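Asks: need coordinates for the following:
(4 chains)
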Number of protein chains: 2
Amino acid sequence: MGRPADPARRERTLARATDHVLAHGLAGLSLRPLAAALDTSPRMLLYDFGSKQELVAAVLAEARRRGAARLAGCPPLGAGTPAQRLRGIWAWLSAPERAPFVRLFFEVHADGLVHPEHYPDRARAVTDWFDTLGTAFRDVADGENDTATPTLVMAVLRGLLFDLTTTGDRERADRALERFARLLGP
Amino acid sequence: MGRPADPARRERTLARATDHVLAHGLAGLSLRPLAAALDTSPRMLLYDFGSKQELVAAVLAEARRRGAARLAGCPPLGAGTPAQRLRGIWAWLSAPERAPFVRLFFEVHADGLVHPEHYPDRARAVTDWFDTLGTAFRDVADGENDTATPTLVMAVLRGLLFDLTTTGDRERADRALERFARLLGP
DNA sequence: CCGTTCTTGAAACAGTCGTACCATAAACTC
DNA sequence: GAGTTTATGGTACGACTGTTTCAAGAACGG
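Replies: Down below sits the predicted model:
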């Protein structure tokens, strides 16, 4: 009995809040401006999410969910030569439509460096990719349980993403990845 | 005539403020707690630096100055095989006493992604290393004006630093660098 | 002493922050 | 209609922000 709950509202708000965070970043986020941009009120944000901290956690989870969903658009990681697979991953990761995710990723990392306690599972953001890349580049691995190769591949990708987001020099970043691809696959 | 100025006070404050920022990060910085930690007052911080923005700029400049000064302790970049030089740079960069600088570096980068206007010369933080590494790895370069190789080396270093600061898994990071060193110098 | 310049403290200003409280409106069952 | 539950709006609280203002103290030259 009583008025029925409307869980869809929370979902709609979460989706729009995630859009907003991806567009404007996490650093300066505050409830009142966010509520205004989302056509709602700080009252409702607290009502739906309990606290700002929980809201942020929900937004980050949603952003991760979206990133994982779009991973489906990535070229297959099991086919072709290692160099071809690497190029495919890089093209996917460095595409302009992934830029907001990359920005948020670096922002969360930086905040996690100062407040590790806020991100109890930030190691998972590393190990998730780790497993994926570990199997994708098994054939160029240095033995059976080689963790160095996927770690190196991840480092190159993240390092080049860092460079690309800072300098915007896509051509140079592309050439650097090509250099690495040739080093990896003879 | 009149009371003589005391420029040393500003320098002392700047040094201690830089210590504090390196230890606690830039994100949550605010004048009153900072002043308390530095045994001074917000009034004096404003008196010496004009505004919080200028204080932060001065602190970042001082941090960069310190980093450049300690660069002298880095093993020579011109000697040995490329692999040896790479190991030397990595050992220097990833040393625990460099961790605060690395943290601040990532923090500034993340903030710069959202507010590029605050860091007009953040590209210099990239190109500075660029020139250094460009000459250091000229012998493994792919031609005369090869920008791909130093870009790749930088990406590996930064990517591994990212991994190391996030996971703390030094052994795996070291092995990944070793993998890269062997790829680079046959 | 006076005048001048640098230094410093205390307080206030105008704003934002996350959040809590209280009331009311809306949608449902009976 | 009453009763009950969810959904909102408005408002205020206490804490914090960077900055300003006013006043007084400290160190010098004349």
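Asks: stretch A:8-23 close to DNA strand D?
Replies: Yes - counting by C-beta under 7 Å from any atom of the strand, DNA strand D is contacted by stretch A:8-23 at residue A:9. To be clear about C-beta, it is placed using only N, CA and C from the backbone, and glycine gets the same treatment.
Asks: how about that stretch: buried residues?
Replies: Across stretch A:8-23, burial judged by 16 or more other C-beta atoms under 10 Å in any protein chain shown covers A:10, A:13, A:14, A:17, A:18, A:19, A:20, A:21, A:22.
Asks: can you give me the end-to-end span of stretch A:114-121?
Replies: One end of stretch A:114-121 to the other measures 15 Å (C-alpha to C-alpha, to the nearest Å).
Asks: mean confidence score for it?
Replies: On average, the pLDDT along stretch A:114-121 is 83.
Asks: contacting residues around that stretch?
Replies: A:53, A:108, A:111, A:112, A:122, B:24, B:25, B:27, B:28, B:103, B:107 (C-beta atoms under 8 Å, 6 or more residues apart in numbering or on different chains).
Asks: likewise for stretch A:80-90?
Replies: Identification of contacts with stretch A:80-90 by C-beta under 8 Å, 6+ apart yields A:74-79, A:133, A:136-137, A:139-140, A:153, A:157, A:160, A:174, A:177-178, A:180-182, A:184-185.
Asks: go with 10 Å
Replies: Applying C-beta atoms under 10 Å, 6 or more residues apart in numbering or on different chains, the set of residues contacting stretch A:80-90 from outside is A:74-79, A:129, A:132-133, A:136-141, A:149, A:153-154, A:156-157, A:160-161, A:164, A:173-174, A:176-178, A:180-186.
Asks: report pLDDT for residue A:105.
Replies: In this model, residue A:105 is scored at 94, pLDDT.
Asks: check contacts around it.
Replies: By C-beta under 10 Å, 6+ apart, the residues touching residue A:105 are A:63, A:64, A:67, A:98, A:125, A:158, A:161, A:165, B:110.
Asks: take the residues you listed and lay them out in TSV including pLDDT.
Replies: TSV is the format used below for the contacts of residue A:105 (pLDDT from 0 to 100):
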residue	pLDDT
A:63	96
A:64	92
A:67	90
A:98	95
A:125	75
A:158	96
A:161	97
A:165	94
B:110	93
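Asks: ok, those vs residue B:33, which is closest?
Replies: Taking C-beta to C-beta as the measure, residue B:33 sits nearest to residue B:110 out of these, at 21.6 Å.
Asks: checking that closest one next. Helix, strand or coil?
Replies: helix (DSSP: H, G, I helix; E, B strand; the rest coil).
Asks: ok, the closest residue to it other than its chain neighbours - contacts?
Replies: What sits nearest to residue B:110 in space, not counting adjacent residues and going by C-beta to C-beta, 6 or more residues apart in numbering or on different chains, is residue A:110, at 3.7 Å. Shown in contact with residue A:110 (C-beta under 10 Å, 6+ apart): A:26-27, B:25-27, B:103-111, B:113, B:165.
Asks: who are the packing partners of the helix or strand in which residue A:57 is found?
Replies: Per DSSP states H and E: residue A:57 is located in helix A:52-70. Secondary-structure packing of helix A:52-70 (3 or more C-beta pairs under 10 Å, 6 or more residues apart in numbering or on different chains; DSSP states H and E): helix A:7-24, helix A:31-37, helix A:42-49, helix A:99-114, helix A:122-136.
Asks: the fourth one vs helix A:52-70, what angle?
Replies: An angle of 130 degrees separates the directions of helix A:99-114 and helix A:52-70 when computed by axes from the mean of the first three to the mean of the last three C-alpha atoms, to 10 degrees.
Asks: is helix A:99-114 anywhere near DNA strand C?
Replies: No - using C-beta under 7 Å from any atom of the strand, we find that helix A:99-114 stays clear of DNA strand C, coming within 14.1 Å at best.
Asks: same for the worst-scoring helix or strand of chain A on mean pLDDT, what does it pack against?
Replies: For chain A, counting by mean pLDDT, DSSP states H and E, helix A:122-136 ranks last in confidence among helices and strands (a mean of 76). Contacts defined by 3+ C-beta pairs under 10 Å, 6+ apart place helix A:122-136 against helix A:52-70, helix A:82-93, helix A:99-114, helix A:148-167, helix B:148-167.
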